[in-house]
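Colleague: this one's sequence-less:
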Ligand code: NAD
């Protein structure tokens, strides 16, 4: 189990008790509920099995750098077994099970996730570094909501796709990233299972533990053996899975670079593909926006989950007439964010997920400074052990700066200004990505005018990062294709014959 973190951190300039500010007492969530095994096998055919490869990877607590567990690293022969188990489960009954029976199974999974919510939240925070208040209030409840939502669809597919005969695709290979490990597993599994497919899922190498606990939840919920198989490992395991000839569909969430490789490897095959990739979202603040509300939205947009969010509002576009006022308020708000122990219920910004990701963030921030951007960070005490990066704001950024073009995937905001709505839209769309965007204005017509012109899969108005299982999520351009959530998300897991 992880050791205690050093002194509580995040008491920042401007809120020092000595200056008449206030400090929070530590409020650390207990880890007693969570039993982490020393070693985990793969989940194939409804049981935990040793990897034939004999190899393991170590998963680490990013807030302490202490190892949490050894996890099997599946080789191609293990992936073969998992795909075969999924095929058997598909042909032996899951595809033919009446929708209402699949629905019952999914409802049980959803309820079991709620039942074990605290345990899952603590484990997510230990393995991934995100603040407990986020894993507790967002990741786990939303994961349950995805199962509830899709349980509701399972017996209504013929109404969902009127005058068509929806049928499952078969065996689906799913690969997910480390930023929302349990939630991404739920996004992928729930629609696939609701529509009668079976799955081989590969979690990310730095955050496999909640997916392995989910395997236990699935068994408790009586998901038949082989319907969901979980193979852990790194990029090589993912590559063996997505190129496996026994798959009918691949669903991938991760970086654009890997997404592109997968698309190339599947070109010319019959395997269907959906890709949820990176983003560089613009958060547009007009001069008539409710300033304090917009400041909150911008903070949430970029510092939620340490900025490890594909749809993060990493580019602030603020109208020139209010830029000075807005940035002043923004900096003052950021100076109150509490960075530190992710298990503390008061923490706003947790640990960076891995040393590798910290290296990526650091080098892009250095590039931002070299390119002439002005970097601002609050006075912020970081723990000595673990991987941390302070909230960072760049002003004086040009559209061609790397910090404005590349996905940092960390707590780093690039600020640009604009004068007219046309300029805001042109700058917002000046990106190879197109996943999400935000618009802040008091005027509904201006919000709609802007939203219509933004090339982004999701546009939030006077809010940000609102994720909901009923609403489709996905990208344009280099952010990928296909949708997850809502009716659109279901459509990518069925084949639609004509009646
Ligand atoms: P990554 O692409 O390196 O890894 C994602 C997953 O793919 C991991 O499980 C990894 O092991 C696996 N993988 C790596 N190489 C592979 C290969 N050659 N073939 C198959 N699988 C392979 O990305 P990451 O650094 O783990 O995640 C961050 C990225 O994910 C960011 O770019 C972010 O924007 C994106 N992301 C997108 C969404 C979305 O919904 N659009 C959600 C979360 C994260």
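Modeller: That came through fine. These figures come from a predicted structure and were not determined experimentally.
Colleague: Only the buried residues of stretch 437-448, if you could.
Modeller: 437-441, 446-447 (16 or more other C-beta atoms under 10 Å). Any C-beta I mention is one placed from the backbone N, CA and C, and that applies to glycine too.
Colleague: Can you add distance to the ligand and secondary structure and give those back as JSON lines?
Modeller: Shown next, in JSON lines, are the buried residues of stretch 437-448 (distance: C-beta to the nearest ligand atom, whole Å; DSSP: H, G, I helix; E, B strand; the rest coil):
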{"residue": "437", "distance to the ligand": "14", "secondary structure": "strand"}
{"residue": "438", "distance to the ligand": "16", "secondary structure": "strand"}
{"residue": "439", "distance to the ligand": "20", "secondary structure": "strand"}
{"residue": "440", "distance to the ligand": "23", "secondary structure": "strand"}
{"residue": "441", "distance to the ligand": "26", "secondary structure": "coil"}
{"residue": "446", "distance to the ligand": "28", "secondary structure": "helix"}
{"residue": "447", "distance to the ligand": "24", "secondary structure": "helix"}
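Colleague: any idea which of those residues is closest to residue 197?
Modeller: For residue 197, the nearest member of the buried residues of stretch 437-448 is residue 437. The distance, counting by C-beta to C-beta, is 31.7 Å.
Colleague: does that closest one really touch residue 460, like I thought?
Modeller: Yes. Counting by C-beta atoms under 8 Å, residue 437 touches residue 460, with 7.3 Å between them.
Colleague: can you list the buried residues of stretch 437-448 in a markdown table and add distance to residue 335?
Modeller: Shown next, in a markdown table, are these (distance: C-beta to C-beta, whole Å):
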| residue | distance to residue 335 |
| --- | --- |
| 437 | 27 |
| 438 | 22 |
| 439 | 26 |
| 440 | 21 |
| 441 | 26 |
| 446 | 31 |
| 447 | 29 |
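Colleague: Chain neighbours aside, what residue packs nearest to whatever residue of the chain ends up closest to the ligand?
Modeller: Going by C-beta to the nearest ligand atom, the ligand is nearest to residue 238 of the chain, at 2.2 Å. Spatial nearest neighbour of residue 238, excluding adjacent residues (C-beta to C-beta, 6 or more residues apart in numbering): residue 175 at 4.6 Å.
Colleague: Can you pull the residues of the stretch 251-400 of the chain lying near the ligand?
Modeller: The stretch 251-400 of the chain has residues 253-255, 258, 261-262, 276-279, 310 near the ligand, with proximity defined as C-beta under 6 Å from any ligand atom.
Colleague: what's the domain layout of this structure?
Modeller: Following automatic domain parsing, the chain resolves into domains at 39-277+479-498, 282-468.
Colleague: Go through those domains and name the closest to residue 25.
Modeller: Nearest of the domains of the chain (C-beta to C-beta): domain 282-468, 8.5 Å.
Colleague: for this structure, what helix or strand is lowest in average pLDDT?
Modeller: Within the chain, no helix or strand scores below strand 494-498, which has a mean of 86 by mean pLDDT, DSSP states H and E.
Colleague: Contacts made by that strand with the rest, please.
Modeller: Contact with strand 494-498 is made by 157, 161, 163-169, 195, as judged by C-beta atoms under 8 Å, 6 or more residues apart in numbering.
Colleague: Repeat the analysis, applying 6 Å as the threshold.
Modeller: Residues from elsewhere that reach strand 494-498 (C-beta atoms under 6 Å, 6 or more residues apart in numbering): 161, 164-167, 169, 195.
Colleague: Near the ligand, which residues of the stretch 51-200 of the chain are found?
Modeller: 175-179.
Colleague: Does residue 37 fall in a helix, a strand, or a coil region?
Modeller: Here residue 37 is recorded as coil under DSSP: H, G, I helix; E, B strand; the rest coil.
Colleague: what pLDDT does the spatially most central residue of the chain get?
Modeller: With distances taken as C-alpha atoms, centre = their mean, the residue of the chain nearest its centroid is residue 180 (3.8 Å). What the model reports as pLDDT for residue 180 is 98.
Colleague: Just give the closest residue to it, not the sequence neighbours.
Modeller: residue 139 (5.9 Å).
Colleague: For the one you found, give me phi and psi.
Modeller: phi -60, psi -50 (degrees, to the nearest 10).
Colleague: Quick one, grab the pLDDT at it.
Modeller: 98.
Colleague: My guess is it contacts residue 185. True?
Modeller: No. Between residue 139 and residue 185 there is no contact under C-beta atoms under 6 Å: 10.4 Å.
Colleague: what residues do those two have in common as contacts?
Modeller: Joint contacts of residue 139 and residue 185 (C-beta under 6 Å, 6+ apart) do not exist.
Colleague: What are the contacting residues of stretch 455-473?
Modeller: 145-146, 149, 297, 300-301, 304, 313, 429, 434-440, 447, 451, 474-476, 483-486, 488-489.
Colleague: Now that stretch: buried residues?
Modeller: Result for stretch 455-473 [16+ other C-beta under 10 Å]: buried residues 455-462, 464-465, 467, 469, 472-473.
Colleague: That stretch and the ligand, any residue contact?
Modeller: No. Applying C-beta under 6 Å from any ligand atom, one finds stretch 455-473 out of contact with the ligand, separated by at least 6.6 Å.
Colleague: how long is that stretch from one end to the other?
Modeller: Using C-alpha to C-alpha, to the nearest Å, the end-to-end distance of stretch 455-473 comes to 14 Å.
Colleague: pLDDT of that stretch, averaged?
Modeller: Mean predicted lDDT for stretch 455-473 stands at 96.
Colleague: Can you give the distance from that stretch to the centre of its chain?
Modeller: Taking the mean of its C-alpha atoms, stretch 455-473 sits 14 Å from the chain's own mean (C-alpha atoms, centre = their mean, to the nearest Å).
Colleague: re the thing from before, out of residue 139 and residue 185, which sits in the more crowded spot?
Modeller: A count of neighbours by other C-beta atoms under 10 Å puts residue 139 above the other of residue 139 and residue 185, at 26 against 23.
Colleague: dump the residue contacts of that one.
Modeller: 124, 180, 182-183.
Colleague: Leaving out chain neighbours, which residue sits closest to residue 110?
Modeller: Here the residue nearest residue 110, using C-beta to C-beta, 6+ apart, is residue 147, at 3.6 Å.
Colleague: Check residue 449 too.
Modeller: residue 421 (6.7 Å).
Colleague: Roughly how far does that neighbour sit from residue 443?
Modeller: Residue 421 sits at a distance of 10 Å from residue 443 (criterion: C-beta to C-beta, to the nearest Å).
Colleague: ok, now residue 317?
Modeller: 17 Å.
Colleague: burial of the residue nearest to residue 161 when sequence neighbours are not counted, as a residue count?
Modeller: Spatial nearest neighbour of residue 161, excluding adjacent residues (C-beta to C-beta, 6+ apart): residue 496 at 5.6 Å. By the criterion of other C-beta under 10 Å, residue 496 has 12 neighbours.
Colleague: Please tell me how far residue 496 sits from residue 458.
Modeller: 24 Å.
Colleague: Equivalent analysis for residue 259, please.
Modeller: Using C-beta to C-beta, residue 259 is found at 18 Å from residue 458.
Colleague: just residue 196 next, same as before
Modeller: Here the criterion is C-beta to C-beta. By it, residue 196 lies 28 Å from residue 458.
Colleague: quick one: the strands in the stretch 101-250 of the chain?
Modeller: 164-168, 171-175, 198-202, 228-230, 249-253 (DSSP state E, counting those that start in this stretch).
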